[in-house]
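J.: Turn this into a structure:
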Amino acid sequence: MKITKAESFILHVPITPPITDAINVATHWGVTGVRIETDEGIVGYGYTGTTAKGDEMIADTIDRYYAPALIGKNPYNVKQIWDELRFGPMHWIGRSGIAHMALAAVDIALWDIMSKAAGKPLWQYLGGHKPDKIKAYNTNGGWLNWSKDQLIKDITGILDQGFTAVKMKVGKPDPREDFDRVQAVRRAIGDDVGLMIDVNQQWNITTAMTWGKKLEQFDLIWLEEPLNPDDISGHRKLADELNVPIALGEHVYNKYAFRDYITQGAVEYVQVDVTRVAGITEWLQVAGLAAAHDLPVCPHVGDMGQIHQHLVAATQNAIMLEYIPWIKHIFEEPINVVNGFYTLPQQPGASTTIIPRYFEEYRVR
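T.: All right, here's what the predicted structure looks like:
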């Protein structure tokens, strides 16, 4: 099999209603990626996720530097291709960020092609570990721009759908407001529901130590991204001092950074995102590294779960998956959660094939 064509695309999918966390205001989700054709008629789709900003730089990287290098290659040599692109022209100016997000899209498309050619869903092609279902936790009711009343209404509504774990955003200018909101949610959902909180990097070490201690009383599953993602020593201090486990990985872009977090004891839930590290090839390496240290993997879903459902289902130490349903309607086989569990895809591939109607409707040219 040979690659005959590779071309980038940008889709902007509306988010209704718009949401905010402590960093971002999002009205659309950017689905920026690549469509790869082969001489056997198999087409692979891979993409990364953005807040619909900067997509053109990712697409330009794919078209200028990655796509030309793919022509004539055998997609089954995915690891060789990964190395060649990783250490190609973009290596000089970017070993994370845009360069890695573009490489992630390419790598995902190649794994999509291989599993389609094998006639297997990706989770089975990788070697299934959870062949029936995987646990989901819901993030889509805990946004920072919700009033406290709306926050409680949405989260309790999520529980009515069968979810047993939810995540909410914190990071208000006054941490006392965060405390009040977390307290209100815990009272509303009771003690048996899993509750996580996500700071989106807005605290410094003093704030995190002070308010992390105060929030311990609410029996949190984890405290997510409390500090700048480059501050490994700060996260290590929090992991040592707090009784709330530290979760992070959304803004950690390569296996070496994860290695340092893990070996220094600075992370307790590894949230490696296949659209931020350089695709499935590197994601599997990080998951294996976490397994070697007996750490659980709970991915951040920049892909909104389409690809990660396969990876979690194929990975022993991946214990559950975030659920955000913003873009599922654009795919031929969308994510599906029933009573708080993902049902696994059955179609061959990585569940990344986009319905032509939505490919045209949301495309940014």
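
J.: what about the longest helix in the protein?
T.: Ranked by residue count under DSSP state H, the longest helix found in the chain is helix 97-118.

J.: Can you name the element that comes right after it?
T.: Note on helix 97-118: by DSSP states H and E, the next helix or strand toward the C-terminus is helix 122-125.

J.: buried stuff in that following helix?
T.: For helix 122-125, a neighbour-count test (16 or more other C-beta atoms under 10 Å) marks Leu122, Trp123, Gln124, Tyr125 as buried. C-beta: built from backbone N, CA, C; applies to glycine.

J.: just checking, Val31 touches Pro14?
T.: No. Val31 lies out of contact with Pro14 (C-beta atoms under 8 Å); the separation is 11.7 Å.

J.: neighbour-wise, which of the two wins?
T.: Val31 (33 against 13; other C-beta atoms under 10 Å).

J.: which one is the residue nearest the centre of the chain nearest to, not counting chain neighbours?
T.: Nearest to the geometric centre of the chain sits Val301, at 2.4 Å (C-alpha atoms, centre = their mean). Spatial nearest neighbour of Val301, excluding adjacent residues (C-beta to C-beta, 6 or more residues apart in numbering): Glu322 at 4.6 Å.

J.: How is the one you found assigned, secondary-structure-wise?
T.: Three-state call for Glu322 (DSSP: H, G, I helix; E, B strand; the rest coil): strand.

J.: Which residues does it form beta bridges with?
T.: On the basis of DSSP bridges, Glu322 is bridged to Tyr137.

J.: Run a quick neighbour tally on it.
T.: For Glu322, the neighbour count with other C-beta under 10 Å is 23.

J.: Now do the same contact list for it.
T.: The contact partners of Glu322, taken as C-beta atoms under 8 Å, 6 or more residues apart in numbering, are Ala136, Tyr137, Asn138, Thr139, Lys167, Cys298, Pro299, His300, Val301, Gly305, His308.

J.: Now tabulate these in CSV and tack on secondary structure, distance to Gly97 and pLDDT.
T.: Putting these into CSV (DSSP: H, G, I helix; E, B strand; the rest coil; distance: C-beta to C-beta, whole Å; pLDDT from 0 to 100) gives the following:
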residue, secondary structure, distance to Gly97, pLDDT
Ala136, strand, 29, 97
Tyr137, strand, 27, 96
Asn138, strand, 29, 95
Thr139, coil, 23, 91
Lys167, strand, 25, 96
Cys298, coil, 23, 98
Pro299, coil, 19, 97
His300, coil, 15, 96
Val301, coil, 19, 96
Gly305, coil, 22, 97
His308, helix, 20, 98
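
J.: Kindly reformat the residues you listed as CSV containing distance to Gly249.
T.: Below are the contacts of Glu322 laid out as CSV (distance: C-beta to C-beta, whole Å):
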residue, distance to Gly249
Ala136, 18
Tyr137, 15
Asn138, 19
Thr139, 15
Lys167, 14
Cys298, 9
Pro299, 8
His300, 6
Val301, 11
Gly305, 15
His308, 12
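
J.: just the residues you listed now: which is nearest Glu177?
T.: Glu177 lies nearest to Lys167 out of the contacts of Glu322, by C-beta to C-beta, at 17.7 Å.

J.: re earlier: in terms of secondary structure, what does the longest helix of the chain contact?
T.: In terms of contacts (3 or more C-beta pairs under 8 Å, 6 or more residues apart in numbering; DSSP states H and E), helix 97-118 is packed against strand 3-20, strand 25-38, strand 43-50, helix 55-61, helix 78-86, helix 122-125, helix 280-292.

J.: what is the rounded mean pLDDT of the last one?
T.: Looking back up the chat, that one is helix 280-292. Mean pLDDT, computed over helix 280-292, is 98.

J.: and it, how far out from the chain's middle?
T.: 14 Å (C-alpha atoms, centre = their mean, to the nearest Å).

J.: next one: the shortest one
T.: Using C-alpha atoms, centre = their mean, the mean C-alpha position of helix 122-125 is found 18 Å from that of the whole chain.

J.: Restrict that helix to CA atoms and write it as CSV.
T.: The C-alpha trace of helix 122-125 is given here as CSV (Å, rounded to 0.1, in the frame of the first residue of the first chain):
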residue,chain,number,x,y,z
LEU,A,122,-8.5,0.5,16.3
TRP,A,123,-9.0,-0.7,19.9
GLN,A,124,-9.1,-4.3,18.6
TYR,A,125,-6.2,-3.7,16.2
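
J.: Going by contacts, tell me the helices and strands next to it.
T.: helix 97-118, helix 308-313.
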